[in-house]
Structures are given as structure tokens and as C-alpha cells.
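Colleague: any chance you could fold what I've pasted below:
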Amino acid sequence: MKKLFIALLCAPLLAFASGAELHLDKAPSKSNDLPALQHGAKLFVNYCLNCHSASYVRYNRLTELGLTEDQIRGNLMFTADKVGELMTIGMQRADGKAWFGAPPPDLSVIARARSSEFGSGSDWLYTYLRGFYRDEARPTGWNNVVFSNVGMPHVLWELQGEQEMGADHKLKLVKPGTLKPEEYDAAVADLVGFINWMAEPMAEFRKNLGVIVLIFLSILFVFAYALKREYWKDIH
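Modeller: All right, here's what the predicted structure looks like:
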């Protein structure tokens, strides 16, 4: 029992050690780029929302990205009737497991869930979505440099094209997609930016509020220190 307890305790450390060679590309920040986040939302509902839900986010929350409710209804709502509905899907978990080997995860907070000592969740997603390559040994015909033996097919392959893993363990584009490599990278950055926004829509407000609070405390400290000196001047 003692050995089992020690093994369970050390398992996470061994897992981190096994992934020590993992390299993640830095994802461009899109937190203040509303057009990029809007484009990311469009990519998300067209390519991700078929299999992955975002069940902690309501469609009307997208108004915070500068979209009107009419724009959301006309361009981003394909399976919902009301703009206040959650971003859910019709796929059942049992069907997802049968088709992909595991139910596709909800993506509401995936950017935070994938954060690790090797990089942020945004970095992981940015590298992952650019790291698919052809592997005929896999049921879907695709594999990934970040997520080995992944069950998910490359849903963005028409945009990126097809990559192969070379003998030097580097990816090589062998069949171009509809986007140039730099255009695809930019599109993925927008998509990842939106997924990161979904994980914490109030992040920018929180950061700005934190700055205001620190400025207020700094000013308050000046007055408090002046009051302290005035109060104790006869003693010191």
C-alpha cells in the first residue's frame, strides 16, 4: 500500500518529465484585437462547434467582441434559435466516443486546462492546430506533433493543406491548402485568441481593474503616510 501511494504521488512528476522535450510555439496575443477575435469566433463556429461544445458560453456574450445580436444570429448561430442559448452541440458523448475513441471535450476553458510549465494554454493550442500531419497508421489518417496518436482529425486541413513528417522529424508541407502558410498561422492565431477569450471573457476587465486598484492604493499610501507623519510628529 505504501509503494502504491508513493507511485500515485510521483505519477504527475513522471508525466511532466516525460514531456520535457515538448516545444510550444508562442501564440500571438489577440486579447485586444476585436476584429481578430471576431474572425476567431467565425472559425470556431464553422470548424469546431460541429463536434466540440462551449457549454459555458452563451451566444449573446459575443456582443462583448463588438458584434450585434443581429450579426450573431445571421453569421454565427447555426444550431440554436435564441441568442441567449449556450453554445452546445447535438452530438451525444457515446457517439463521439464511438467515432473518435473518446468524446470530444468541451472547449469553454480548454485554454486554461492546457496551461502547464511548458507554456500557456494558448501556446499549446497554437502549436497543436499547426502540428497535424498525415499518418496512414491512424484511423483518421492524421497525427499530431503535440498530441501523439490523437483521435481528432485535422478539421482545418483544407485551409492549411497536408503536412508530412520527414526523416529529420520536421514537418513539411506537401500539399498546399487554400491559405498560404503565413495566412494559416494568422487564422489559427485568431482562432486560439477566441478560444482563450472564452476561457475568461472578463480577463481584460480584470487586468484593467487591477491596474486601477494599484494606482488607487498608491495614492492612498501617500495620503496615509502623510497623515501618519502629521499624527506622530510631536513624538518623533
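Colleague: strands of the protein, residue ranges please.
Modeller: 54-58, 86-87, 132-134, 142-144, 161-165, 171-176 (DSSP state E).
Colleague: look up how far residue 40 lies from the residue nearest the centre of the chain.
Modeller: Central residue of the chain (CA atoms, centre = their mean): residue 111, 3.3 Å from the mean position. According to CB to CB, to the nearest Å, residue 111 and residue 40 sit 12 Å apart. Just so you know, the C-beta spots here come from the backbone N, C-alpha and C atoms, and that holds for glycine as well.
Colleague: need the overlap of contacts for the two.
Modeller: Here residue 111 and residue 40 have 192, 195 as joint contacts, going by CB atoms under 8 Å, 6 or more residues apart in numbering.
Colleague: need the strands of the chain in JSON lines with mean neighbour count, distance to residue 96 and mean pLDDT, can you?
Modeller: Listed next are the strands of the chain as JSON lines, based on neighbours: other CB atoms under 10 Å; distance: least, CB to CB, whole Å; pLDDT from 0 to 100:
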{"stretch": "strand 54-58", "mean neighbour count": "18", "distance to residue 96": "14", "mean pLDDT": "93"}
{"stretch": "strand 86-87", "mean neighbour count": "20", "distance to residue 96": "16", "mean pLDDT": "93"}
{"stretch": "strand 132-134", "mean neighbour count": "20", "distance to residue 96": "19", "mean pLDDT": "97"}
{"stretch": "strand 142-144", "mean neighbour count": "19", "distance to residue 96": "17", "mean pLDDT": "96"}
{"stretch": "strand 161-165", "mean neighbour count": "17", "distance to residue 96": "25", "mean pLDDT": "96"}
{"stretch": "strand 171-176", "mean neighbour count": "12", "distance to residue 96": "27", "mean pLDDT": "95"}
